[in-house]
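**Student:** need a 3D model of the sequence below.
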Amino acid sequence: MRDKLIFGGLFALGFAILGASWLNVKSVQADTTVPSDHSGPVMVIEVAGEANGTMRIALRDDLAPMHVERLVTLAERGEYDGVVFHRVIEGFMAQTGDVANGRADGNPRLWGTGGSDLPNLRAEFTQQQSFERGVVGMARSQSPDSANSQFFIMFAPAPHLDGQYTIVGQMIEGYDVLDAIKRGTGGNGAVVGEPDRMERVTIE
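**Tutor:** Got it, this is the predicted structure:
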């Protein structure tokens, strides 16, 4: 099903991401569009579960300084450590970052319903970059100004997200790890059983 508005399933806050491109992304190469003079922070995610390895994300403080500051703050506080990939849709994206309710030892029914103890962020939409494979965007509810801590990583291009969600980064290493993340089921991509997790998240 294409271009479907995907809410958070049964999750009360309903963090939404638009659309899905049902593609086989295993053969799609990275479309890295990080500027050659990028000097911003790099987020390093050590993934454990069905996927094991490290992903490195160039955070685009040139596009979304407030959102990058939020990711850096939460990572440096250790709040992303142990948080699961709770919604993973084949050919579309993998979502994580619920620091309030999203740990593996928590209640699976609450995964994806929370944010952090920090206030929501004002949208920083841009037309400078499109939602390509490896792009990292901030999850939100229906309000454009509701992003907090959750983010998603694209398996494949989704240009219909452009101008609707804040782009906060671009993967520069670890596409094999991204592609191995355990997929969810059903229309909302909720992961059943033991999900993959961000074992440790640091900032370079």
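**Student:** can you list the low-confidence ranges for this protein?
**Tutor:** Within the chain, the set of residues satisfying pLDDT under 70 comprises 1-32.
**Student:** quick check, central residue of it?
**Tutor:** Centroid-nearest residue in the chain: residue 152, 1.6 Å away (criterion: C-alpha atoms, centre = their mean).
**Student:** so that one is in contact with residue 134, correct?
**Tutor:** No: using C-beta atoms under 8 Å as the test, residue 152 is too far from residue 134 to be in contact (11.5 Å). Backbone N, C-alpha and C define where each C-beta goes, glycine included.
**Student:** so which residues of the chain form helices?
**Tutor:** Along the chain, the segments classed as helices by DSSP state H run 65-76, 175-180.
**Student:** distance to residue 96 and mean neighbour count for the ones you listed - can I get that in CSV?
**Tutor:** Formatted as CSV, the helices of the chain follow (distance: least, C-beta to C-beta, whole Å; neighbours: other C-beta atoms under 10 Å):
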stretch, distance to residue 96, mean neighbour count
helix 65-76, 12, 19
helix 175-180, 11, 18
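**Student:** now the ones you listed as JSON lines including distance to residue 103?
**Tutor:** Formatted as JSON lines, the helices of the chain follow (distance: least, C-beta to C-beta, whole Å):
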{"stretch": "helix 65-76", "distance to residue 103": "13"}
{"stretch": "helix 175-180", "distance to residue 103": "20"}
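**Student:** go through those and name the closest to residue 191.
**Tutor:** helix 175-180 (13.6 Å; C-beta to C-beta).
**Student:** so what secondary structure elements neighbour that closest one?
**Tutor:** If you count contacts as 3 or more C-beta pairs under 8 Å, 6 or more residues apart in numbering; DSSP states H and E, helix 175-180 packs onto strand 53-59.
**Student:** buried residues in the strand it packs on?
**Tutor:** 55, 57-59 (16 or more other C-beta atoms under 10 Å).
**Student:** that strand: how far from the chain's middle?
**Tutor:** 12 Å (C-alpha atoms, centre = their mean, to the nearest Å).
**Student:** before we move on, what about stretch 170-177?
**Tutor:** Taking C-alpha atoms, centre = their mean, one finds the center of stretch 170-177 at 13 Å from the center of the full chain.
**Student:** tell me the spacing between residue 65 and residue 107.
**Tutor:** Separation of residue 65 from residue 107 (C-beta to C-beta, to the nearest Å): 34 Å.
**Student:** my guess is residue 194 meets residue 85, correct?
**Tutor:** No: under the criterion of C-beta under 8 Å, residue 194 is not in contact with residue 85, lying 11.0 Å apart.
**Student:** which neighbours do those two have in common?
**Tutor:** Common neighbours of residue 194 and residue 85, using C-beta atoms under 8 Å, 6 or more residues apart in numbering, are residue 182.
**Student:** who has more neighbours, those two?
**Tutor:** Using other C-beta atoms under 10 Å, the more surrounded residue of residue 194 and residue 85 is residue 85, with 29 against 12.
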